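# Next one to model:
(chains A and B)
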Amino acid sequence: MTYYVITFANTHSAITTQSHLETCANISIMPTLREISAGCGISIRFSPEELNHVMASLETWRLAPEMFQIYEITEKDGKIFPSPYK
Amino acid sequence: MTIDARGKNCPIPVIMANKEIEKNVLSFTILVDNAIAVENLKKLAQNKGYGVEIKSVDSDYSINFTGNEISTQKNTSALSDLFPETNISVSTTDWVLFMGKDIIGAGDTVLGGNLIKMYFYTLSQGTSLPKAILFMNAGVKLPTTNDQVIEHLKVLAEKGCEILVCGACLDFYQLTDQLQVGTISNMFDITEKINGASKVVTL
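Residues are numbered from 1 along each chain as shown, chains lettered A, B, ... in the order given. Purely as a prediction, here's the structure:
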């Protein structure tokens, strides 16, 4: 299974970005994976089908690049493998 | 230190002793009142690299566990491998979760709303699940209108969690026809679940 998550440098950025993305993409909220453990505890999760919507929406969103990070997450045999996306 | 496990049937004394071993306690005494527990504790000690000294006191047994840094590092088998009966599955835990509101904690409702989504996400992925999840007052908004929480509750229900939702509360919030997961319940059943649980968690 593969999905994407966005982690944030702080909770406020996570919540405001969530409100922004909810209007144009199918996203959900999850705790930041311990395998990543960077940034704030709130992550935004979305499926590969939503990637284009999310990326387009983030381009119009005024959040400094250092405030968030997108990861591609692969789950295999119960293990989680995150890799930074872009 | 001494652990009193008298009156407790297996596998409880083994679980109690293993907790001390996991905390790297090198010397402790456990009191039990039956020979089966003694045999199982000896088996546990042997596997975990501890020595045992058993004393019989009246109808009870006092078992002194002693280990050292080197021998106890063996820690070969998981407790569930040694004693299959200690392998507590998701459906046998007896705690219940009571949700009297649709957020976690008091304070900012947006933050609290996110926290509750994350809590149910994490709970649904774990193995220590509540026997029942009880929704009352604004808590009934979760199994009716919160799409993400509903998905996590469906997973929990499949794993054996009973989901009970207060009927009077659904009616009050005019949400009765929107229940997506769980069953409509009443104060009698909900009180029974609370009284029968060893632990009630409320957020």
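# can you give me how far the longest strand along chain A is from the chain middle?
Longest strand in chain A by number of residues (criterion: DSSP state E): strand A:68-76. Chain-centre distance of strand A:68-76: 8 Å, with CA atoms, centre = their mean, to the nearest Å.
# Let's see whatever helix or strand comes next after it as PDB, backbone CA atoms only.
Per DSSP states H and E, the first helix or strand lying C-terminal to strand A:68-76 is strand A:79-84. Output of strand A:79-84 as PDB, limited to C-alpha atoms (Å, rounded to 0.1, in the frame of the first residue of the first chain):
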ATOM      1  CA  LYS A  79       6.600  -2.200   8.100                       C
ATOM      2  CA  ILE A  80       6.400   1.400   7.100                       C
ATOM      3  CA  PHE A  81       8.900   3.000   4.700                       C
ATOM      4  CA  PRO A  82       8.700   6.700   4.300                       C
ATOM      5  CA  SER A  83      10.700   8.600   1.700                       C
ATOM      6  CA  PRO A  84      10.700  12.400   1.200                       C
END
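# Give me the buried positions along strand A:79-84.
A:P82 (16 or more other CB atoms under 10 Å in any protein chain shown). From N, CA and C alone the C-beta is placed, and that goes for glycine too.
# Go ahead and report the secondary structure state at residue 44.
Picking chain A for this. Here A:I44 is recorded as strand under DSSP: H, G, I helix; E, B strand; the rest coil.
# was after chain B, sorry
In three-state terms, and counting by three-state DSSP, B:L44 is helix.
# pretty sure it is touching B:E20, no?
No. Proximity of B:L44 to B:E20 does not meet the contact threshold set by CB atoms under 8 Å, at 10.6 Å.
# higher neighbour count, these two?
Per other CB atoms under 10 Å in any protein chain shown, whichever of B:L44 and B:E20 has more neighbours is B:L44, with 26 against 18.
# so who does that one touch?
Neighbour list for B:L44: B:14, B:17-18, B:21, B:50, B:79, B:82-83 [criterion: CB atoms under 8 Å, 6 or more residues apart in numbering or on different chains].
# Closest to chain A out of those residues?
Chain A lies nearest to B:L79 out of the contacts of B:L44, by CB to the nearest CB, at 19.8 Å.
# Which ones among the contacts of B:L44 map onto helices?
Among these, DSSP state H puts B:14, B:17-18, B:21, B:79, B:82 in helices.
# now the residues you listed as CSV including pLDDT?
CSV is the format used below for these (pLDDT from 0 to 100):
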residue, pLDDT
B:V14, 85
B:A17, 89
B:N18, 86
B:I21, 88
B:L79, 71
B:L82, 72
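# re earlier: so what touches the longest strand of chain A?
Here strand A:68-76 makes contact (CB under 8 Å, 6+ apart) with A:1-9, A:13, A:17, A:33, A:36, A:38-39, A:80-86.
# Mind checking which of the contacts of B:L44 are buried?
By neighbour count, with 16+ other CB under 10 Å, the contacts of B:L44 hold B:14, B:17-18, B:21, B:50, B:79, B:82-83 as buried.
# tell me the phi and psi of B:E162?
Main-chain dihedrals, B:E162, degrees, to the nearest 10: phi -90, psi 130.
# Next, count neighbours for it.
Residues near B:E162, counting by other CB under 10 Å, number 18.
# Same question for B:L175.
B:L175: 16 neighbours (other CB under 10 Å).
# Just the pLDDT at it, thanks.
What the model reports for B:L175 is a pLDDT of 95.
# List the residues that contact A:I27.
A:I27 neighbours (CB under 8 Å, 6+ apart): A:18, A:21, A:44-46, A:50, A:54.
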